[in-house]
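Enquirer: One predicted model, sequence on top.
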Amino acid sequence: MFTSLISEFADRLVDELAPLTADEGTAEDSPRLIARLDRLSHVGVDDAEVLAALVETARLRNLVDAVQTQLVSAASRIGIPGRKKLRSPAALLTEIGVPPAVAYRTVRNGVHADALPAVAQGMRDGSLAPEKADAVGRGVDFVQKRVPLDDETKVSLTRKLLAQDTPGDIDKRAREFAIAAGGDGAESDAIPVAENAELNEMTLSSNDEGRLTAEIDLDVLTGEELSQALDPLMQPVAEADGSPDKRSGKQRRADAFGQIVRAYLSRSDRPTSGGVLPHATLVIPAGRSVGGSPPIGRSPVASTVFTGPVSTATVALVLCDSAISAVTVDATGAPLHVGREQRLFTSAMRRALLVRDQCCARPGCGRPASWCDIHHVVPWSEGGETGIENGVLLCRRCHTLVHHGGWTVFIGDDGHPWFVPPADGAGSSNEGVPIRSHARRTLTIHETADAA
């Protein structure tokens, strides 16, 4: 009886929304819902009627969602998910095509309705949207994890959260209540909620596409450290043609997080406790020792990679306080070959490539060398050697463009990498013309171009 009632209602609504047939005449005459909706779109219709219809359809949506919430709760109580060999009640919905986020929210709302009578009432009368019901329930849970709530306080908190306009407003109000109730004033000895590291949480889960999703809740100090680590890595970087970075802020933040993880995992000396001395690379022009006479060439003095030219006194200070490696370069700035034929580039090779390429070498990129992989110009699997003349620094994004985006790279007669962008399909006169690496500072191959 219950199922047939819902089925009849749904079938009736489907019939009312079906396109008009020729036998039914025009939308001006038909009494069906689809025709009435069409008439509402005409000029001269009363605004109040359209707005009232929107209110009622929103209430109807809320009621249908409330019914679905109760059905899933009932199925869970009588053990249907287990008998169907499903991992959770939410799977009852995902199995019939409901998006996972909606399914899990529906299950949570069943829990919220059981714990919070005001939420249950709002769901039953259709006045409370499912998104808002979930935000209220999560807000109360958030506060309860931080401060104890008696029944009266919980009822009062629920009413205050229900009075907010949006789920975002509800989240903010819950945090404010937790801070106030936790006694975070200057006169209190309690650790402020925002600063309590014991409340830190992080969850990792795989979605239906196999992608990893994360939720993170950090104290303000850890959050500040994370933000500081991400900020320089997520700055927009222009495309090779000078156009703005096409990635969204969320994509740049995810790329930055991935870079932090890769940088950590690539370290062979990850300390288990304590720290290690910083590592510095000193670039010495060919034909000169530190403190000796200037050579003939483009670099008359020694320099560090990040901070540039240095005096003999500074070199002595660096040698005293830090681990140091020297890379000798020729007059064009190309490092001498570093041998050792093996598949993986050695740390010495990376330092040499850092001196030559300075950063991600793809034209227009310039991401820091610390972000970069070393790409075999001729793949190792195809006989390519592991040497400076066959390596180039590429950040992960540009490395992907070379492997999957149509870009090609080769080492020119000058000892530096050159790039050929993918064909644009427009038959441009520049199509297939090599362009210099980012460190060479120009996108032309003209013989008089400045290669400094």
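Expert: Thanks, I have the structure now. Numbers count the residues shown, from 1 in each chain.

Enquirer: Every contact and neighbour count from this point should use C-alpha atoms.
Expert: OK.

Enquirer: Give me the pLDDT for the residue nearest to N196 when sequence neighbours are not counted.
Expert: Nearest non-adjacent residue to N196, counting by C-alpha to C-alpha, 6 or more residues apart in numbering: D219, 5.8 Å away. At D219, the model reports a pLDDT of 78.

Enquirer: Next: V377.
Expert: According to the prediction, V377 has pLDDT 86.

Enquirer: how many neighbours does the residue lying closest to it once chain neighbours are set aside have?
Expert: Distances taken as C-alpha to C-alpha, 6+ apart place N390 nearest to V377, at 5.2 Å, with adjacent residues excluded. Per other C-alpha atoms under 10 Å, the neighbour tally for N390 reads 19.

Enquirer: next one: V261
Expert: 11.

Enquirer: Confirm that it sits in a helix.
Expert: Yes: the assignment for V261 by DSSP: H, G, I helix; E, B strand; the rest coil puts it in a helix.

Enquirer: Start the count at 16 instead of 1 going forward.
Expert: Done: numbering now begins at 16, and the last item shifts to V276.

Enquirer: distance of it from A269?
Expert: 11 Å (C-alpha to C-alpha, to the nearest Å).

Enquirer: for the stretch 366-467 of the chain, what spans make up the strands?
Expert: Using DSSP state E, counting those that start in this stretch, the strands of the stretch 366-467 of the chain run over 387-391, 406-410, 423-426, 432-435, 450-451.

Enquirer: deepest of those strands, which one?
Expert: Of all those, strand 406-410 carries the top mean neighbour count, a mean of 27, counting by mean count of other C-alpha atoms under 10 Å.

Enquirer: where does the stretch 16-165 of the chain dip in pLDDT?
Expert: Low-confidence segments of the stretch 16-165 of the chain (pLDDT under 70): 16, 42, 58-59.

Enquirer: which residues does the closest residue to L172 other than its chain neighbours contact?
Expert: Among residues not flanking L172 along the chain, V155 sits closest, at 7.3 Å (C-alpha to C-alpha, 6+ apart). Neighbouring residues of V155 by C-alpha atoms under 8 Å, 6 or more residues apart in numbering: 169, 172-173, 189.

Enquirer: and those residues, which two are the farthest apart?
Expert: For these, the maximum inter-member distance is 11.5 Å, found between K169 and A189 (C-alpha to C-alpha).

Enquirer: So between these two, which is more surrounded?
Expert: Neighbour count, other C-alpha under 10 Å: between K169 and A189, A189 has more, with 24 against 18.

Enquirer: The residue nearest to N211: neighbour count?
Expert: By the criterion of other C-alpha under 10 Å, D234 has 17 neighbours.

Enquirer: same thing with A135?
Expert: Other residues lying near A135 total 19 when counted by other C-alpha under 10 Å.

Enquirer: From L52, how far off is the residue nearest to V392?
Expert: Taken as C-alpha to C-alpha, the span from N405 to L52 is 67 Å.

Enquirer: next one: R366
Expert: R366 is 69 Å from L52, where distance means C-alpha to C-alpha.

Enquirer: These two: which has the busier surroundings?
Expert: R366 (22 against 14).

Enquirer: Find me the pLDDT at that one, would you?
Expert: According to the model, R366 scores 82 on pLDDT.

Enquirer: of the strands of the stretch 366-467 of the chain, which approaches T72 most closely?
Expert: Among these, the nearest to T72 by C-alpha to C-alpha is strand 406-410 (50.4 Å).

Enquirer: ok, the nearest residue to D439 once chain neighbours are set aside - how many residues close by?
Expert: Nearest non-adjacent residue to D439, counting by C-alpha to C-alpha, 6+ apart: E446, 7.6 Å away. Neighbour count for E446, taken as other C-alpha under 10 Å: 14.

Enquirer: and E446, what does it touch?
Expert: Listed by C-alpha under 8 Å, 6+ apart, the contact set of E446 reads 436-439.

Enquirer: Most neighbours among those residues, please name it.
Expert: Neighbour max across the contacts of E446 (other C-alpha under 10 Å) = P436, 21 neighbours.

Enquirer: hang on, that residue packs against G421?
Expert: Yes: applying C-alpha atoms under 8 Å, one finds P436 in contact with G421, separated by 6.8 Å.

Enquirer: mind listing what's buried in the helix or strand containing D186?
Expert: Counting by DSSP states H and E, the element that carries D186 is helix 182-196. By neighbour count on 16 or more other C-alpha atoms under 10 Å, the buried set for helix 182-196 is 182, 185-186, 188-190, 192-194, 196.

Enquirer: which pair in those spans the largest distance?
Expert: That would be P182 and A196, which, of the buried residues of helix 182-196, are the farthest apart (C-alpha to C-alpha) at 20.8 Å.

Enquirer: sorry, back to before: would you mind putting the contacts of E446 into TSV with distance to A81 alongside?
Expert: Listed next are the contacts of E446 as TSV, based on distance: C-alpha to C-alpha, whole Å:
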residue	distance to A81
P436	55
P437	53
A438	54
D439	52
